[in-house]
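**Student:** Quick one, fold the following:
(2 chains, ligands or ions: 2)
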Amino acid sequence: MDAPQQQDVAAAAPVAETGAEAILIRDLWKVYTRKKGMSVSSSDIENDELVEELDKGEDAVVAMKNVSLEINWGETFIIMGLSGSGKSTLIRCLLRLVEPTSGDIIINGENVTAMNKRQLVNFRREKIAMVFQHYGLLPHRTVLQNVTFGLKLRGDEKESRKEKAMDSLDKVGLKGWEKYYPAALSGGMRQRVGIARALVMDAPILLMDEPFSGLDPLIRRELQDEMIHLQKVMNKTIFFVTHDLSEALRMGDRMAIMKKGEIVQVGSPDEVIANPADEYVARFVQDEREHMRRAEEVLAWDMAGKEGAAHVS
Amino acid sequence: MFPEFLQYHVAGAVNRFIDDLIASYASVFDSISDGILSFLLGVNSVLTFIPWWAYIIAVFLLSWYSSKKLIGSVVLAALPFLIGMFGLWAMALESLSVIITAVLLALAIGLPLGVLMAELRPVAAILRPILDGMQTMPSFVYLIPAMMLFGLGKVPAVLATLIYALPPVIRLTALGLNQVPKAVEEAALAYGATRWQLLKEVRLPLAMPSILAGVNQTTMMALAMVVISSMIGARGLGQEVLLSINRIDVGRGFEAGMSVVFLAIVIDRLTQNMAKRWEPPKR
Ligand SMILES: Nc1ncnc2c1ncn2[C@@H]1O[C@H](COP(=O)(O)OP(=O)(O)OP(=O)(O)O)[C@@H](O)[C@H]1O
Ligand SMILES: [Mg+2]
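**Tutor:** Residues are numbered from 1 along each chain as shown, chains lettered A, B, ... in the order given. Ligands and ions are numbered 1, 2, ... in the order given. Next up, the predicted model:
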């Protein structure tokens, strides 16, 4: 394994020249078991009948079925789907916060699914950072301490920790708030702390699980814009989960639609809207199509009106 | 009446078993006993060395510092004064040293056990029924094993108090650790926290209010038990209560009883106020 060499390249420039994908997901399955002592192994997955049976039963949930994806360096990849379609399960599997039942995850050329505890901890500290829907901030630590948390875990020097954190807080517009506790902040500001905490790690890959879903529309829009702006400068690889199509359209380079644990379509947002792969996707993008159709109508009417006016005069 | 011929006593066997146990592990029991006794005497001599008025001032200042309530603090500081007025100062200090010794030992044992209980399922599975059992037992049942192994006196009193007071701190430590929001734990793990870092940086600080509530309860239980353990020869306020019961001296019993209550109120207030300071900041 010449992984270390590869790591250095990635750390220096998020867009790796190796040509390999940032994230490669192959045949990923997740079966949650509810009954005590029950377990499903990777060989069980190959038995289609068994999987079907599990899916129907009460004791297990097949949250992710045979998911395969390739995410390129530097792109913002969106996962969309209804509630319960397995989006959070997928994004958590990438960090192994949820253990996949079977399949492979290769990130930055490293096989995440094969890592031991030690390697996994180092991988989480160096290569990838995550932003959560419910922020996951430490209530007993100040904003500054929350942002330095990841750096402290991996043992960075105290001085450089603070410097980097202040820098990162500046980026998300929270200068001057570093001594406050999360309880004093609004939802939007808390999520800014969450983003600052992720950016400060300087990881090439960013995972975001519905980061703006809990926020009111104006603040959501504001944070989306800022994220887009930051992304232009940083050029990270972003894996972004949402159930809001307009967010997907604004943020995403490519998107995948998930339905009951399966990926039903992958493509650029425009492609997906223009050619929905099935009924489910069509329903998903219906509003947006409607919207676009109306916009076209208005435009046509407008043109017609002007032409008419021109005729009269 | 229960027929005579069906009676069968195990008392003799138990006595023999205990005698054998003590004989064969004499050095162990002796060193435990010596250790506890010297610690207890140390605590007591420190407590008696401090002048009485220093307690009153200390209670006032601690209360004022942690609650910022003037009248409440004055009333609280008056309570130890009343104990002194009843002529029970030395007795109260004697009880206090047993409480302090027992509580410190209970924390030294209980906090790690609580952490283990929250971290390791098998430990929880073993401990939970034991703790449940301990809490349903009447308090002076605890006197029996303590007395069997260590006879009469201060050391078995400390041990009985210690065992009786142990469950809340274990339970509330484990409870507090298990109540830490999953979202916070998950975020810490996502940023590469090891299990130990998770415990030290996230779970223990967030469990602190619950842990301190456990410390408070343990202390209050120790206080209740120290009165009862006067039956096996602990000196102090409990002995005073016991004497007045035996002599049917209501007035003397009243003074001693009130002193126990005052002591309880002071300890309860101070430890609870301290616990409040650990709640997560709201600023
Ligand atoms: N820890 C768990 N144990 C058992 N079942 C689970 C667990 N976590 C998730 N599930 C189940 O797995 C399925 C997928 O859940 P998941 O949280 O991944 O969906 P999601 O797409 O993120 O939904 P949402 O939009 O509501 O966040 C659901 O049916 C859920 O009930
Ligand atoms: Mg989710």
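**Student:** okay, CA-based contacts and neighbour counts for the rest of this
**Tutor:** Fine.
**Student:** looking at it, B:G257 is touching B:L242, isn't it?
**Tutor:** No - if you go by C-alpha atoms under 8 Å, B:G257 and B:L242 don't touch, sitting 10.0 Å apart.
**Student:** Can you give me the buried ones in stretch A:43-56?
**Tutor:** A:45, A:51, A:54 (16 or more other C-alpha atoms under 10 Å in any protein chain shown).
**Student:** for stretch B:250-267, same thing?
**Tutor:** B:252-253, B:255-264, B:266-267.
**Student:** Outside of it itself, list whatever touches it.
**Tutor:** By C-alpha atoms under 8 Å, 6 or more residues apart in numbering or on different chains, the residues outside stretch B:250-267 that reach it are B:59, B:76, B:79-80, B:82-83, B:86, B:88, B:92, B:219-220, B:223, B:237-238, B:240-241, B:244-245.
**Student:** same deal with stretch B:49-67?
**Tutor:** Contacts for stretch B:49-67 (C-alpha under 8 Å, 6+ apart): B:69-70, B:73-74, B:76-78, B:80-81, B:266, B:269-270, B:273-274, B:277.
**Student:** ok, now stretch B:98-107?
**Tutor:** B:36, B:39-40, B:43, B:154, B:157-159, B:161-163, B:165-166, B:169, B:215, B:218-219, B:222-223, B:226.
**Student:** how far away is A:R26 from A:P139?
**Tutor:** 37 Å (C-alpha to C-alpha, to the nearest Å).
**Student:** mind showing which ranges of chain B have poor pLDDT?
**Tutor:** Scanning chain B for pLDDT under 70 picks out the ranges B:280-283.
**Student:** Work out which residue lies at the spatial centre of it.
**Tutor:** B:A222 (3.3 Å; C-alpha atoms, centre = their mean).
**Student:** can you tell me how far that residue sits from B:L76?
**Tutor:** 20 Å.
**Student:** next one: phi and psi at A:R26?
**Tutor:** Dihedral angles of A:R26 (phi, psi; degrees, to the nearest 10) stand at phi -120, psi 120.
**Student:** That one: what's it in contact with?
**Tutor:** Per C-alpha under 8 Å, 6+ apart, neighbours of A:R26: A:66-69, A:103-105.
**Student:** Same check on A:G188?
**Tutor:** By C-alpha under 8 Å, 6+ apart, the contact set of A:G188 is A:215, A:219-220, A:223.
**Student:** what about A:M251, neighbour count?
**Tutor:** A:M251: 22 surrounding residues under other C-alpha atoms under 10 Å in any protein chain shown.
**Student:** Surely it touches A:T76?
**Tutor:** Yes - in this structure, A:M251 is within contact of A:T76 by C-alpha under 8 Å, at 6.9 Å.
**Student:** and A:L90, how many neighbours?
**Tutor:** By other C-alpha under 10 Å, neighbour count at A:L90 equals 26.
**Student:** Looks to me like it is in a helix.
**Tutor:** Yes - looking at A:L90 with DSSP: H, G, I helix; E, B strand; the rest coil, it is inside a helix.
**Student:** need the contact list for the closest residue to it other than its chain neighbours.
**Tutor:** Closest residue to A:L90 apart from its sequence neighbours, by C-alpha to C-alpha, 6 or more residues apart in numbering or on different chains: A:M64 at 7.2 Å. Shown in contact with A:M64 (C-alpha under 8 Å, 6+ apart): A:28-31, A:86, A:89-90, A:260-262.
**Student:** change it to 10 Å
**Tutor:** A:27-32, A:85-87, A:89-90, A:100-101, A:258-263 (C-alpha atoms under 10 Å, 6 or more residues apart in numbering or on different chains).
**Student:** which of those residues count as buried?
**Tutor:** Of those, these count as buried by 16+ other C-alpha under 10 Å: A:28-32, A:85-87, A:89-90, A:100-101, A:258-263.
**Student:** Run through the residues of chain A sitting next to ligand 1.
**Tutor:** Proximity of chain A to ligand 1, by C-alpha under 6 Å from any ligand atom, involves residues A:32, A:61, A:63, A:82-89.
**Student:** where do the strands sit along chain A?
**Tutor:** A:23-33, A:60-71, A:76-81, A:102-107, A:110-111, A:128-131, A:205-209, A:237-242, A:254-259, A:262-267 (DSSP state E).
**Student:** about what we covered before: who are the contact partners of the residue nearest to the centre of chain B?
**Tutor:** B:A222 neighbours (C-alpha under 10 Å, 6+ apart): B:95-96, B:98-103, B:106, B:158, B:160-166, B:216, B:228-229.
**Student:** so where do the helices sit in the stretch 51-200 of chain A?
**Tutor:** In the stretch 51-200 of chain A, helices defined by DSSP state H, counting those that start in this stretch lie at A:87-95, A:117-126, A:143-153, A:158-171, A:187-199, listed in chain order.
**Student:** export these to JSON lines and tack on distance to A:D209 and mean pLDDT?
**Tutor:** Output for those, formatted as JSON lines (distance: least, C-alpha to C-alpha, whole Å; pLDDT from 0 to 100):
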{"stretch": "helix A:87-95", "distance to A:D209": "7", "mean pLDDT": "94"}
{"stretch": "helix A:117-126", "distance to A:D209": "16", "mean pLDDT": "93"}
{"stretch": "helix A:143-153", "distance to A:D209": "18", "mean pLDDT": "94"}
{"stretch": "helix A:158-171", "distance to A:D209": "20", "mean pLDDT": "91"}
{"stretch": "helix A:187-199", "distance to A:D209": "12", "mean pLDDT": "92"}
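**Student:** if we can go back for a sec, to A:K175, which of the strands of chain A lies closest?
**Tutor:** Comparing the strands of chain A by their distance to A:K175 (C-alpha to C-alpha), the top pick is strand A:128-131, with 19.6 Å.
**Student:** Centre-most residue in chain A?
**Tutor:** A:F240 (2.3 Å).
**Student:** Helices of the stretch 1-150 of chain B, residue ranges please.
**Tutor:** Counting by DSSP H, counting those that start in this stretch, the helices of the stretch 1-150 of chain B are B:11-24, B:26-49, B:52-67, B:70-85, B:89-119, B:121-136, B:143-150.
**Student:** Check the offset of the third one from the chain's centre.
**Tutor:** The gap between the average C-alpha position of helix B:52-67 and the chain average comes to 22 Å, counting by C-alpha atoms, centre = their mean, to the nearest Å.
**Student:** per-residue confidence averaged over the top helix by length along chain A?
**Tutor:** Longest helix of chain A, by residue count under DSSP state H: helix A:279-312. For helix A:279-312, mean pLDDT is 73.
**Student:** For that helix, buried residues please.
**Tutor:** Result for helix A:279-312 [16+ other C-alpha under 10 Å]: buried residues A:280-282, A:284-285, A:288.
**Student:** related to what we said a few turns ago, just the closest of the buried residues of stretch B:250-267 to chain A, please.
**Tutor:** B:I267 (26.6 Å; C-alpha to the nearest C-alpha).
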